[in-house]
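# sequence and predicted structure, then a few things I'm wondering about:
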Amino acid sequence: MRPISRRDALIAGGLGTAATVAGAAGLWWSLTSAREPAGVGGVVGGAAPVQGAELRGPAELRSTDGRLELTLGAAPGRVELGGRQARALCYNGTVPGPTLRLRPGDELNVRLENGLNEPTNLHVHGLHVSPQTDGDNVFRAVLPGQGFDYRYRLPPDHPPGVYWYHPHHHGMVADQIFAGLFGAIIVEDPDAIPVSTERVLLVSDTTLDSAGNIAAVSPMERMAGREGELLLLNGQSNPVLTAQPGARERWRIINTCVARYLRLRLDGQQLQLLGMDSGRSPEPETVDELLLAPGNRADLLVTATAGEAVLQALPYDRGAMPGMMMMGQGPFPVSGAGALATFRVSGASATPPGAVTSRTAQEDLRTAAVAARRQVVLSMGAGQGMRGGGMAGMMRFTINGREYSDARTDTTVAAGTVEEWTLVNTSPMDHPFHLHVWPMQLINDNGRAAGPVVMRDVVNVRANGRATVRIAFRDFSGRSVYHCHILDHEDLGMMSVIEVR
């Protein structure tokens, strides 16, 4: 008799059965230690996270002569998370994994070796590359003890920006990312932007039990979209960044969290947004606050002002989960607040940086001919109703009324065309919508027309709201997916298959 899988337990067993299955099933350590609730000041598993250490950046690998080749080993390991020793999942022994630096037109070759005892694979989130065969093919499973050679070719006009990589084997995505499998990809600008320092900042969250294991996750947390008790920046808890007054830094910020929204502020400092996801503005935009849905990235210039400031993640209400008051769970989810980093600026003034040159405006698809208009409906509702004071079946997470199946193609698109999609959220929770391979231009957000060209690969569709996007299905054909980037919702079925041909 084959062991029951996590996916089988969640779908077939409902709350009663699924509650007996470890939230990180298939990982190598034992989860026998009871999860201890967080206390005052972010105490997790009986120990407070260690704060105030100097920020550490991930290791970096750069392309040379138009190519970057590397081996990426996914395996369990012992690492430091929030100043505590933890048993996590790592790429090449670290959390986060190494940062990959590329240029438009480069070839990226990655040998993924699976040292886990469950399947995994690799998704290069946001990159405009082929989804076929050995490209960004999320239908491929790399089995335990096996490896696979991924090959990606970036187009010569690929947008510069901040991207990332992570597993995408359906049913295991949230667990593997929550346990530590993620890393950054930077596509460099053709012309360098003058800055004194560049930082790659990966925001993640997780929960450790008293033994340092990644804690089990309840079925209710999966339905809501889990948020970990440890809020981390490059695996650290509230690290310190130092700068001189007048220095201009470039911060590449990635929200790698499974479900947490990041409403970011850095009061007292001058912030200019270069762009989000693959989108770029012709001129830097002065901002006070940024909202990054799960999967979003920001490319930010920070001009330092003397003093001390805290990079904060402020509370964000992402909606109400139906039935969350049952079983004493409370009215969550609300993405919680926390200090991500402390920015200390002192000393002699830095040499004034050079000017940031204007960039060519991106193509505006609002003037393009539209080949088709579609409606994509994101829904959630009770699976099998209520019995005995609890849910007999898990809540259903669907797109256009269907749960995910890799054997079915849900949307067929003619290659080379532009389509307009209206994304409709019928649920009382936000759902960040992610389309692989082909970026989206935001046209309208809940009745408000977008101003300049806004390009995204993750578009937040607010609770009971809608958004309209246009997509140019150019350069590549093949099968890929679109889904909710609350990754628990994706694993529970809120994903569909698209084929461009």
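Alright, I've got the coordinates.
# didn't residue 418 look like it was pressed against residue 370?
Yes: using CB atoms under 8 Å, residue 418 is in contact with residue 370, at 5.7 Å. Where C-beta positions appear, they are placed from N, C-alpha and C, glycine not excepted.
# which of those two has more neighbours?
Taking neighbours as other CB atoms under 10 Å, residue 418 and residue 370 compare with residue 418 leading, 18 against 12.
# grab the nearest non-local neighbour of the more buried one.
residue 368 (4.4 Å; CB to CB, 6 or more residues apart in numbering).
# any low-confidence regions in this protein?
Within the chain, the ranges that satisfy pLDDT under 70 run 1-47, 322-333, 383-394.
# just the C-alphas of the longest strand anywhere in the chain, formatted as CSV.
Counting residues, the longest strand found in the chain (DSSP state E) is strand 67-81. Extracted in CSV, the C-alpha atoms of strand 67-81 (Å, rounded to 0.1, in the frame of the first residue of the first chain):
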residue,chain,number,x,y,z
ARG,A,67,26.5,32.3,-20.5
LEU,A,68,25.9,31.2,-16.9
GLU,A,69,26.2,27.5,-16.0
LEU,A,70,25.7,26.1,-12.5
THR,A,71,24.5,23.2,-10.5
LEU,A,72,21.7,23.9,-8.1
GLY,A,73,21.3,21.2,-5.4
ALA,A,74,18.0,21.1,-3.5
ALA,A,75,18.6,19.3,-0.2
PRO,A,76,17.9,19.4,3.5
GLY,A,77,20.5,21.3,5.6
ARG,A,78,21.2,23.0,8.8
VAL,A,79,21.3,26.8,8.5
GLU,A,80,20.8,29.9,10.7
LEU,A,81,17.3,31.5,10.4
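# burial count for the residue nearest to residue 418?
15.
# how much space separates it from residue 255?
30 Å (CB to CB, to the nearest Å).
# ditto for residue 81
Separation of residue 81 from residue 255 (CB to CB): 17 Å.
# quick one on the thing from earlier: any common contacting residues for residue 418 and residue 370?
Jointly contacting residue 418 and residue 370 under the rule CB atoms under 8 Å, 6 or more residues apart in numbering are residue 470.
# tell me the contacts of the residue most central in space within the chain?
Nearest to the mean C-alpha position of the chain, by CA atoms, centre = their mean, lies residue 295 at 2.7 Å. The contact partners of residue 295, by CB under 8 Å, 6+ apart, come to 125, 255, 432, 434, 457-458, 485.
# return the backbone torsion pair for the residue nearest to residue 418.
Here the main-chain torsion angles of residue 368 (degrees, to the nearest 10) amount to phi -80, psi 150.
# show me what contacts it?
Applying CB under 8 Å, 6+ apart, the residues near residue 368 are 418, 470, 472.
# could you do residue 204 as well?
By CB under 8 Å, 6+ apart, the neighbours of residue 204 are 95-96, 177, 180, 182, 228, 232, 235, 256-257.
# next, give me the two most distant ones among those.
96 and 228 (14.7 Å; CB to CB).
# so which of the two has more stuff around it?
For residue 96 and residue 228, the more surrounded residue by other CB under 10 Å is residue 96, and the numbers stand at 27 against 24.
# surely the more buried one is within a strand?
No: counting by DSSP: H, G, I helix; E, B strand; the rest coil, residue 96 falls outside a strand, being coil.
# give me the phi and psi angles of it.
Dihedral angles for residue 96 - degrees, to the nearest 10 - are phi -70, psi 170.
# just the element for residue 423, please.
Secondary structure assignment for residue 423, by DSSP states H and E: strand 418-425.
# ugh, wrong one, residue 220
Going by DSSP H and E, residue 220 is part of helix 219-224.
# how far off centre is stretch 435-448?
17 Å (CA atoms, centre = their mean, to the nearest Å).
# quote the end-to-end distance of that stretch.
Stretch 435-448 has its terminal residues 22 Å apart, counting by CA to CA, to the nearest Å.
# any buried residues in that stretch, and which?
Using 16 or more other CB atoms under 10 Å as the test for burial, stretch 435-448 gives 435-443, 445.
# I figured residue 153 hits residue 132, correct?
No: judged on CB under 8 Å, residue 153 makes no contact with residue 132 at a distance of 11.4 Å.
# the more surrounded of those two?
Neighbour count, other CB under 10 Å: between residue 153 and residue 132, residue 153 has more, with 16 against 13.
# for the more buried one, give me its contacts.
106-108, 129-130 are the contacts of residue 153 under CB under 8 Å, 6+ apart.
# and which of these is nearest to residue 276?
Proximity of those to residue 276 (CB to CB) peaks at residue 129, which lies at 19.6 Å.
# and for that closest one, the neighbour number?
Neighbour tally, residue 129, other CB under 10 Å: 21.
# follow-up on the earlier one: which secondary structure elements does the helix holding residue 220 contact?
Judged by 3 or more CB pairs under 8 Å, 6 or more residues apart in numbering; DSSP states H and E, helix 219-224 is in contact with helix 6-18, helix 487-491.
# and that helix, C-alpha only, in CSV?
The C-alpha coordinates for helix 219-224 follow below in CSV (Å, rounded to 0.1, in the frame of the first residue of the first chain):
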residue,chain,number,x,y,z
PRO,A,219,-5.4,22.6,7.2
MET,A,220,-7.0,25.9,8.3
GLU,A,221,-3.7,27.8,7.7
ARG,A,222,-3.4,26.3,4.3
MET,A,223,-6.9,27.4,3.3
ALA,A,224,-6.2,30.9,4.6
